[in-house]
Structure formats: C-alpha cells, structure tokens
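Engineer: Dropping the sequence and predicted coords here.
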Amino acid sequence: MQKIKVAINGYGVIGKRVADAVTLQDDMELIGVCDVVTDWRIKMAVNKKYPVFGFDHSASIKMKEAGIPVMGSLDDMLQAADIVIDCTPKKIAAQNIPKYRMMRKKFIVQGGEKHETTGHSFSAENNYETALGRESTRVVSCNTTSIVRTLTALKNTGLLKKARGTLLRRATDPWESHLNGIMNTLVPEKDIPSHQGPDAQTIDPSLDVITVAIKVPETLSHLHYWNVQLTRHASKDEVLQALANSTRIAMINYSNGLSANNTVKELMLEMGRPYGDMYEVALWQDMLKVQGDELFYAYIVDNQAIVIPETIDAIRSLTAIEPDAEKSIKKTNESLGIKTEFI
Ligand SMILES: NC(=O)c1ccc[n+]([C@@H]2O[C@H](COP(=O)([O-])OP(=O)(O)OC[C@H]3O[C@@H](n4cnc5c(N)ncnc54)[C@H](O)[C@@H]3O)[C@@H](O)[C@H]2O)c1
C-alpha cells in the first residue's frame, strides 16, 4: 500500500501528539518534524528517532550547536512530503501558507487560525466528505470539536433544535503553567457569544448554537455545560441513543467515582494513554437530564488530545486516500484505542 508522506511543522503540544499518532497509522509515514527550539522538547523528537528539521538557516545552526542532528530546512522537509500539518502557534501558521501553496503541498492548520485561511473547517463526523481531495483545511479548536461532535450526534437523529453552552476553559497548558496562567480568579470572556459557537457554524451553518466562556484556574481540561432545546419531547434513553451515534463520545458516571476532571485524567493515565490523553468527549451519563423537550448535560474536553484523531482523519480526507468517512474514523479510532465507554 502506498503510504501518505506526512510532515509536521511545529513540534509543540499538538505537533508532538500528531507526530506520534501518524506513526501509528499503516497508511501514513512521518517524513519529519520541524521547529525553532533547541531544548528538551525537540531533543525528545530525536530520542523517538523522528527526523528533525530547522525552520530556517538560523534555527538549524542553533539546533546543530545544541547537538541536534538536523536533517535540513523546512523547505527540505516539505519537498519530501505529500502533506504538511502546521502545528505552530496561533497566527504563525497563516504566514507559512504562501510557502505551502508555492510548493504545491496540501496542508492542514489548527484551530488557532481563522476559517478564512483555508476556506474549510473540519470535524470528521460532520463533514469529512466535503474536504475530500481539497488543498487544505483547518481542524477546529478543541472546544469547537467537542461542540460539533456532540451536536452532530443529536442533529443526525432529528432531535436538535438549538443549543446554548457555558464553557469553563482551562487557563493554560500544563507544561507551561510556570510561565503564565491565571490563579485564584475567574475570567469571563467579554463578548457574548464567545467565539466557539460561531466557529462551530463554520463547519455546520445549520447549527443554532450560542456559547459563553469563562477561563478557570486549572490546566487539566475544559468543562462544558449545555442546555439544548429538542425538536420534541424525548426520553433520556432516546438522547443517549442519539449521542451513541458518535464513536468519539464516551459516557462516564458519578456512580463510578468519576466526579471531576482530575479523576478522569487519572483514569486516562492508568489506562496507559500516551500523555494521559483523552481523545473522546467524556459526558456524564448519570447527570444528563431531559425535561420535556429540554436537555441538560455536561462533559469534559481534553484540549490537548481531542483534535488529534480529527487531524488524522483530515489527512486521509485531503489526500483522498480513504473516500469513506466511516472507514477512516474507524481506522483512526482503532489505532488510538478510542472508546465509547471507558470502564
Ligand atoms: N494546546 C492546545 O490545547 C490546543 C488545542 C487545540 C488546538 N490548538 C491549536 O494548535 C496550534 C498549536 O498549538 P500548541 O498548543 O501546540 O502550541 P505550542 O506553543 O505548544 O507549540 C508550537 C510549536 O511550534 C514551534 N514554533 C514556533 N514558531 C515556529 C516556526 N516559525 N516554525 C516552526 N515551528 C515553530 C514552537 O517552538 C512550538 O514547539 C494552535 O493553532 C493552537 O490554537 C492547541
């Protein structure tokens, strides 16, 4: 089988996870990872035997001085690749796009970039087919991915009328929590709606969704509360069956002791997930409540992990190596051990 040659630009929180996930796919080959740093972060890529490239000449020289075997520049890495996944920080990826286009490489950007950078936003269970063979797409942010995943499941069974969500957002990523992040405060986003609702509509304009968001002083994950207006009176069982349409929502229960995000993180670590990652939306089944035609629920989003399976599917869609969304999703789920129930 011909393998898709994948390059990763930006080996940070998302880039290193995408790189690891690519190596687990039998239809993909990791060509290399590119960055500007010279410390433990990129040295770990060397330890994993990933070919390392320097963003430009100056980055390559600094890397060599730090003892990192540099295989070449970003251009060299791109030359050898079919597709590049840009996981550089917000707004830097947009600056790299002219290069990708000039070199006629397919590319994926992450949620920090605007929809307009590619003109297409991606969420596997909603719109895999619309990205087939395209030049580029944007895998939406962690929060938006969870919103589209859950609401698509409800929509596809005809139950969704409109949805209103309150998002409690983690302050910063764990590895850099000594550098920034809030403490002993709650920081509400000034604008209503917060950007995630409109962002979900870049994937599916038919979603009637409004979000508000609050930054909270912890680093493990986001937590969402949703109030959904259903199209009709429904039972809790019907709603659970609808949510089971998604292969990437896992039910959790208070009755199992999973009553907070730290307990779920501990479960992921004990399950042996790399970095303790949770690719699924973990939704509390025993908290979920239906009252007439109104639905209430809450779930946890592992911001560092949820976009990884989506990115793998986006690679298959853009390169058209797998035209069938369901087959790609199944393959990705199996490779990463994604479940609809943890325990
Ligand atoms: N961290 C999250 O929870 C999260 C979740 C979903 C989506 N995203 C999105 O993913 C993207 C990457 O975020 P992240 O959290 O992984 O960032 P990060 O800061 O952890 O990693 C970015 C990496 O890119 C490198 N870099 C910086 N400038 C570069 C350049 N010019 N060329 C090559 N490499 C360069 C940095 O050294 C770093 O290693 C952003 O769009 C972000 O919004 C992040």
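Structural biologist: Nice, I can see it. The model shown is predicted, which means the values in this text are computed figures rather than measured ones.
Engineer: Please make it C-alpha for all contacts and neighbour counts, starting now.
Structural biologist: Noted.
Engineer: Check the burial of residue 276 by counting its neighbours.
Structural biologist: Neighbours of residue 276 under the rule other C-alpha atoms under 10 Å: 17.
Engineer: Quick check: it touching residue 264?
Structural biologist: No: Residue 276 lies out of contact with residue 264 (C-alpha atoms under 8 Å); the separation is 9.5 Å.
Engineer: Residue 291: how many residues sit nearby?
Structural biologist: Look at residue 291: counted by other C-alpha under 10 Å, it has 12 neighbours.
Engineer: remind me, longest strand of this protein?
Structural biologist: strand 160-170 (DSSP state E).
Engineer: residues in contact with residue 203?
Structural biologist: 120-123, 126-127, 148 (C-alpha atoms under 8 Å, 6 or more residues apart in numbering).
Engineer: out of these, who has the most neighbours?
Structural biologist: residue 122 (32 neighbours).
Engineer: Please enumerate the strands of the stretch 101-250 of the chain.
Structural biologist: 106-109, 121-122, 136-139, 160-170, 187-188, 209-216, 222-230, 249-252 (DSSP state E, counting those that start in this stretch).
Engineer: and the angle from the fourth one to strand 209-216?
Structural biologist: So that's strand 160-170. Per axes from the mean of the first three to the mean of the last three C-alpha atoms, to 10 degrees, the angle that strand 160-170 makes with strand 209-216 is 10 degrees.
Engineer: tell me how far strand 160-170 is from the chain's mean position?
Structural biologist: Strand 160-170 sits 17 Å away from the centroid of its parent chain (C-alpha atoms, centre = their mean, to the nearest Å).
Engineer: residues of that strand that come out buried?
Structural biologist: 160-170 (16 or more other C-alpha atoms under 10 Å).
Engineer: and the stretch 1-150 of the chain, which of its residues are near the ligand?
Structural biologist: 9-15, 34-37, 55, 87-90, 110-113, 141-142 (C-alpha under 6 Å from any ligand atom).
Engineer: repeat that with 8 Å
Structural biologist: Proximity of the stretch 1-150 of the chain to the ligand, by C-alpha under 8 Å from any ligand atom, involves residues 9-16, 34-37, 41-42, 54-56, 86-93, 109-113, 139-143.
Engineer: what residues are up against the residue positioned nearest the centre of the chain?
Structural biologist: The residue lying closest to the centre of the chain (C-alpha atoms, centre = their mean) is residue 307, at 1.2 Å. The neighbourhood of residue 307, defined by C-alpha under 8 Å, 6+ apart, consists of 139-142, 145, 279.
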